[in-house]
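Novice: here is the input, now give the coordinates:
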Amino acid sequence: MLAAAGLIACAGGVLQQETTAHSEASAQQQIQSYLPPGFVEDLIAAVGRDNVCVDEDERESHGKPYNSYHKVDRSPDVIVCPGSTEEVSAVVRLCARHKIPIVPYGGATSVEGQLLAPSGGVSLDFARMKEVVAFSRNDHDVTVQAGLGYIELNDWLRDHGLWFPLDPGPGASVGGMSACRCSGSTAVRYGTMRENVVSMTAVLPNGDIIKTGGRAKKSAAGYDLTRLLVGSEGTLAVITEVTLKVHKIPTYSEGMRVVFRSIAEASAVVQDTLAAGVPVGRAEMLDNTMMKIINVANAQNYPEETTVLFEFAGESPTAVREMQETVAALASRRKPLAITVQTDPAACKQMWRERKEALWAAAAQYPDLECMITDVLEVKTELDASWLPAPIVAHAGDGNFHCLIFFDSAKARDVQEVARLSKHMVERALAMEGTCTGEHGVGYGKIKYLQKELNGAAIRTMVSIKNAIDPNGIMNPGKVVPHKRDPVTGRLVACG
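Specialist: Numbers count the residues shown, from 1 in each chain. Here you go, the predicted model:
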């Protein structure tokens with residue numbers, strides 16, 4: 001009996017003992033058709049009875065994350081919460097033996113369907129793996145378990161005068177950030193995860209544990225396995241620990257708001273700033289629609305026009321002021337509607353908090369609508385011509401624009417329109433030699449566009465790598481590379 005084996009249900013991220021006979025019977029009925037006999041009991045033996053979950057609501061939640069517009073009919077068959085790399089290895093070996101799919105689950109903030117389980121299987125939840133493993137203040141690096149959030153990491157680093165500057169959506173975990181090759185508002189100065197991951201520990205599809213390198217900031221030793229796994233989205237291995245570069249917290253920091261009539265003018269001043277060699281800490285853009293949302297959400301009265309937010313940071317007030325004055329002069333040439341300097345630390349903190357919470361503010365503005373998030377942008381006139389609300393936020397410093405398209409999924413007309421807008425924006429970006437995804441990854445939703453961005457030989461090379469490392473196709477199947485469903489086994493198989 002599953003009840004005798006100690007199956008539990010998950011509630012609010014904390015595992016709680018399931019007591020009702022109905023729930024136990026329901027859980028057994030839900031999974032018996034998909035998992036081999038004894039598999040769940042083997043999982044319990046590997047990670048402990050309190051760390052395996054078959055509750056229907058929790059499985060559905062893990063398989064249909066709120067942040068993702070993309071949906072599939074299946075949910076994971078079981079949720080497993082390992083506590084160490086060794087436990088991850090044990091779970092992966094069990095899955096490999098039975099060819100059970102594995103979907104890593106971190107902060108659940110990804111937007112391209114990376115957490116979907118189109119073939120069911122195991123949702124590998126890293127909620128128990130949030131420790132700082134090693135730290136070197138002198139070498140400016142830290143090793144953490146994959147489930148640790150970057151916000152929690154920065155809380156820990158702050159006492160040492162250091163920080164990890166990348167800042168994707170609130171709640172993102174280091175493992176997920178690495179797997180999706182994310183960035184954020186500070187990428188203009190510090191780069192993306194590609195530049196900030198030193199090495200990692202990962203579990204291969206057969207359960208073997210590998211270390212992709214040491215702590216050296218540069219190495220020419222063999223193939224670059226670190227860069228292979230950064231951005232692999234769990235399709236090649238399960239990342240369990242990551243060694244990151246950390247940086248000194250700037251001593252001085254000030255901000256600036258510059259208001260323009262159009263996105264074109266705002267983009268031009270950011271380009272002018274970078275061309276002048278000004279090392280800005282951030283250069284973020286919000287369009288008029290998003291500024292209206294921010295005003296409502298924060299009871300503010302900012303100009304409801306396209307706004308660029310700059311951060312200037314350094315080790316002397318003189319250096320910070322020089323950056324500020326240079327950008328103000330450059331902006332003045334573009335005839336802005338307003339330039340506001342933020343020297344008060346509290347005001348700067350509020351400015352960046354409002355920017356960070358822009359997505360939540362927009363979602364609160366349209367509580368009955370779903371949101372599709374894109375990270376490429378067509379001309380704004382195309383969006384303004386649509387009846388769907390579509391505010392824009394942008395990491396303007398590295399040319400990465402996000403459009404948040406709100407729609408009613410119960411209305412076929414809305415669903416068709418959001419698909420049309422998304423397709424049009426991606427194709428426009430590709431026509432300009434851009435990319436279909438700046439920082440969200442390919443996941444489930446952008447595979448068809450990856451095939452347009454890269455040529456056939458490149459796609460076939462990716463598929464060859466996938467099939468060589470994961471011949472049974474158990475690692476986050478149906479993501480990144482093209483795939484088809486095997487008519488005999490029903491498994492998703494990479495193809496190109």
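Novice: what residues does the closest residue to L369 other than its chain neighbours make contact with?
Specialist: Using Cβ to Cβ, 6 or more residues apart in numbering and skipping the chain neighbours, the partner closest in space to L369 is F406 (4.2 Å). From N, CA and C alone the C-beta is placed, and that goes for glycine too. Shown in contact with F406 (Cβ atoms under 8 Å, 6 or more residues apart in numbering): 362, 366, 369-371, 388-390.
Novice: can you classify F406 as helix, strand or coil?
Specialist: When classified by DSSP: H, G, I helix; E, B strand; the rest coil, F406 comes out as strand.
Novice: looking at it now. What's its pLDDT?
Specialist: According to the per-residue confidence, F406 scores 89 in pLDDT.
Novice: most residues in a single helix of the protein, which one?
Specialist: For the chain, the helix with the greatest residue count under DSSP state H is helix 412-431.
Novice: I'd like to know which elements it is packed against.
Specialist: When contacts are defined as 3 or more Cβ pairs under 8 Å, 6 or more residues apart in numbering; DSSP states H and E, helix 412-431 packs onto strand 370-374, helix 380-384, strand 400-407, helix 447-453.
Novice: element containing R460?
Specialist: Taking DSSP states H and E as the criterion, R460 maps to helix 456-469.
Novice: now R334
Specialist: Using DSSP H and E, no element contains R334; it sits outside every helix and strand.
Novice: need the contact list for it.
Specialist: 260, 265, 268-269, 272.
Novice: what does the average pLDDT come to for the helix holding R460?
Specialist: 92.
Novice: same thing with stretch 436-449?
Specialist: Average pLDDT, stretch 436-449: 74.
Novice: can you mark which positions in that stretch are buried?
Specialist: Neighbour counts over stretch 436-449 (16 or more other Cβ atoms under 10 Å) mark 436-447, 449 as buried.
Novice: next one: stretch 317-331
Specialist: Counting neighbours by 16+ other Cβ under 10 Å, one finds that the buried residues in stretch 317-331 are 319-321, 323-324, 326-327, 330-331.
Novice: please apply the same query to stretch 93-112.
Specialist: Of all the residues in stretch 93-112, those buried under the rule 16+ other Cβ under 10 Å are 93-96, 100-112.
Novice: tell me the secondary structure at M200.
Specialist: Recorded secondary structure, M200: strand (three-state DSSP).
Novice: contacts only, for it.
Specialist: Applying Cβ under 8 Å, 6+ apart to M200 gives the contacts 178, 211-212, 226, 229-230, 239-243.
Novice: now, among those residues, which is nearest to V40?
Specialist: Comparing the contacts of M200 against V40 with Cβ to Cβ places T240 closest, at 22.1 Å.
Novice: tell me where the model's unsure across this structure.
Specialist: With pLDDT under 70 as the threshold, the chain has low-confidence stretches at 1-33, 65-69, 372, 374-379, 438-439, 496.
Novice: what's the domain layout of it?
Specialist: 39-125, 132-248, 252-432, 454-494 (the TED database).
Novice: in which helix or strand does L43 reside?
Specialist: For L43, the host element (DSSP H and E) is helix 39-47.
Novice: distance from the chain centre to the helix or strand just after that helix, please.
Specialist: Next in sequence after helix 39-47, counting helices and strands by DSSP H and E, comes strand 52-53. Remark: strand 52-53 is offset 25 Å from the chain centroid, using Cα atoms, centre = their mean, to the nearest Å.
Novice: buried residues in the next helix or strand after strand 52-53?
Specialist: Heading C-terminal from strand 52-53, the first helix or strand you meet, by DSSP H and E, is helix 56-63. Along helix 56-63, these residues count as buried under the neighbour rule (16+ other Cβ under 10 Å): 58-59, 61-63.
Novice: might you report the residue contacts of G175?
Specialist: With contacts defined as Cβ under 8 Å, 6+ apart, G175 is in contact with 104, 106, 126, 145-147, 239-240, 242.
Novice: correct me, but G490 touches S119?
Specialist: Yes - at 7.2 Å, G490 counts as touching S119 under the criterion of Cβ atoms under 8 Å.
Novice: between those two, tell me which one has more neighbours.
Specialist: It is S119, of G490 and S119, that has more neighbours when counted by other Cβ atoms under 10 Å, with 23 against 9.
Novice: my guess is the more buried one contacts L492. True?
Specialist: Yes - checked against Cβ under 8 Å, the pair S119 and L492 is within contact range at 5.6 Å.
Novice: what do the two both touch?
Specialist: In the contact map built from Cβ under 8 Å, 6+ apart, the residues linked to both S119 and L492 are 101, 477-478.
Novice: which one of these is nearest to A458?
Specialist: Minimum distance to A458 across the shared contacts of S119 and L492 is 19.5 Å, recorded for G478 (Cβ to Cβ).
Novice: isn't that closest one right up against L492?
Specialist: Yes - using Cβ under 8 Å, G478 and L492 qualify as a contacting pair, with a distance of 4.6 Å.
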